[in-house]
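J.: sequence first, predicted coordinates after that:
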Amino acid sequence: MVFPISGVEVNPIIPLVVAFTVSFFTSMGGVSGAFLLLPYQVSFLDYTAPSVSATNQVFNIVAIPSGVYRFIKEGRMLWPLTLAVIIGTLPGVFIGAWVRIEYLPDPKNFKTFVGCILLYIGIRLVQDVMKNRADTGRQKNNNSRRRKTFVVTLTRSTLKRVEFSFDDKSFAFTPSIVLGICFLVGIAGGIYGIGGGSIVAPFFVAILGLPVYAVAGAALMGTFITSIAGVVFYQGLALFYTEISVSPDWFLGLLLGFGGFAGIYLGARCQKYVPARMIKLVLCVCVMIVAARYLIGFFQ
């Protein structure tokens, strides 16, 4: 089958299965998997036009709502964090798109900077996983005595500090810090067309020390809103750049999205049955892949 806008020729079942598989594993950590599907489209489907970024964001729009629904239904959506992610990320997307057009037509140096940040976060995740490994025996003993409660309970929410409990443990974060982080993430997402969740979710876990079970829903919601803004921008940009392919390949994006819809739904549903350490390892691998891709590009 040939997709008319992108020119991709592939059996429709293949991208559907690829999107399902990627999304199932990455959604457990609050990452849609779009940043892995972008290299797949470029390297395997030979889709290299600028519109591939917009197509990737169409995938997010279609796929993410199923996972968000599961997190809300099961009481694992931390709404103050979700709101902070959306408010911080959204303006950054438009600024990032403007920066890309005006100042970074060849954003090699900025990619290197982002790669270094992601590498640092990945290292922190590895350290966190190794540190928790020593506590595995105690956790198993505790789990044999009581059953985990996978529900996020908000205990205090102000503009200066948000406190919540999860699995009988207390956690807290400062909204202003989250807003600042997500603003920068939004700029990066606007420039490169990647889901912000691939950056904010590992940051929340490794740097802020928040439980991965509680941040995944907020990270996915932020990526969803970011992607809507990105698709709208690229669609509008296509009116001014008629000589190149800018608007998304909706058919390919929808096909990937349907696979991701099922994958993210099942991933969100199965998350509570997967050890946090395993989810962190998935996040670590995701972050390291993006970091390596950016840093290797610096030497090419």
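T.: Here it is on my side, so go on.
J.: just confirm L159 is within a strand.
T.: No - L159 is assigned coil when assessed by DSSP: H, G, I helix; E, B strand; the rest coil, not a strand.
J.: looks like it contacts T174 (just checking).
T.: No - with contacts counted by C-beta atoms under 8 Å, L159 stays clear of T174, the gap being 9.6 Å. For the C-beta atoms, the positions are set from N, CA and C on the backbone; glycine is no exception.
J.: who's in contact with the strand or helix carrying Y294?
T.: For Y294, the host element (DSSP states H and E) is helix 276-298. The contact list for helix 276-298, computed with C-beta atoms under 8 Å, 6 or more residues apart in numbering, reads 25-26, 28-29, 31, 35-36, 39, 108, 111-112, 114-116, 118-119, 121-122, 125-126, 128-129, 132-133, 136, 194, 198-199, 201-202, 205, 211-213, 271.
J.: among those residues, which are in helices?
T.: Secondary structure from DSSP state H places 25-26, 35-36, 39, 108, 111-112, 114-116, 118-119, 121-122, 125-126, 128-129, 132-133, 136, 198-199, 201-202, 205, 212-213 of the contacts of helix 276-298 in helices.
J.: returning to what we had before: could you list the buried residues of the helix holding Y294?
T.: 276-277, 279-280, 282-284, 286-291, 294-295 (16 or more other C-beta atoms under 10 Å).
J.: that helix versus helix 108-133: what angle between them?
T.: Put simply, helix 276-298 runs at 160 degrees to helix 108-133, going by axes from the mean of the first three to the mean of the last three C-alpha atoms, to 10 degrees.
J.: next one: helix 276-298 to chain centre, how far?
T.: 12 Å (C-alpha atoms, centre = their mean, to the nearest Å).
J.: tilt between it and helix 197-206?
T.: 130 degrees.
J.: for helix 276-298, what is the average pLDDT?
T.: Mean per-residue pLDDT for helix 276-298: 79.
J.: ok, now stretch 241-252?
T.: On average, stretch 241-252 scores 85.
J.: kindly check the end-to-end length of it for me.
T.: Its start and end residues considered, stretch 241-252 measures 21 Å (C-alpha to C-alpha, to the nearest Å).
J.: can you start the count at 507 instead of 1 from here on
T.: Sure, I'll start counting at 507 from here, so that last one is stretch 747-758.
J.: how distant is it from the center of its chain?
T.: Distance of stretch 747-758 from the chain centroid (C-alpha atoms, centre = their mean) equals 23 Å.
J.: cool, stretch 739-754 as well?
T.: 24 Å.
J.: who touches it?
T.: Taking C-beta under 8 Å, 6+ apart as the rule, stretch 739-754 contacts 511-512, 555-557, 559-561, 563-564, 599-600, 603, 696, 737.
J.: list only buried entries from these.
T.: So, of these, 511-512, 555, 557, 559-561, 563-564, 599-600, 603, 696, 737 end up buried under the neighbour-count rule (16+ other C-beta under 10 Å).
J.: now, which of those residues lie within helices?
T.: Using DSSP H, the buried ones among the contacts of stretch 739-754 in helices are 557, 559-561, 563-564, 599-600, 603, 696, 737.
J.: dump the residues you listed to JSON lines, plus distance to G581.
T.: Listed next are those as JSON lines, based on distance: C-beta to C-beta, whole Å:
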{"residue": "S557", "distance to G581": "39"}
{"residue": "S559", "distance to G581": "34"}
{"residue": "A560", "distance to G581": "34"}
{"residue": "T561", "distance to G581": "34"}
{"residue": "Q563", "distance to G581": "29"}
{"residue": "V564", "distance to G581": "30"}
{"residue": "V599", "distance to G581": "29"}
{"residue": "F600", "distance to G581": "33"}
{"residue": "A603", "distance to G581": "35"}
{"residue": "G696", "distance to G581": "32"}
{"residue": "V737", "distance to G581": "30"}
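J.: tell me which two of those residues sit farthest apart.
T.: Maximum pairwise distance among these (C-beta to C-beta): 19.4 Å, between T561 and F600.
J.: hang on, the earlier thing: nearest to F805, of the buried ones among the contacts of stretch 739-754?
T.: Nearest to F805 among the buried ones among the contacts of stretch 739-754, with distances taken as C-beta to C-beta, is S559, at 23.1 Å.
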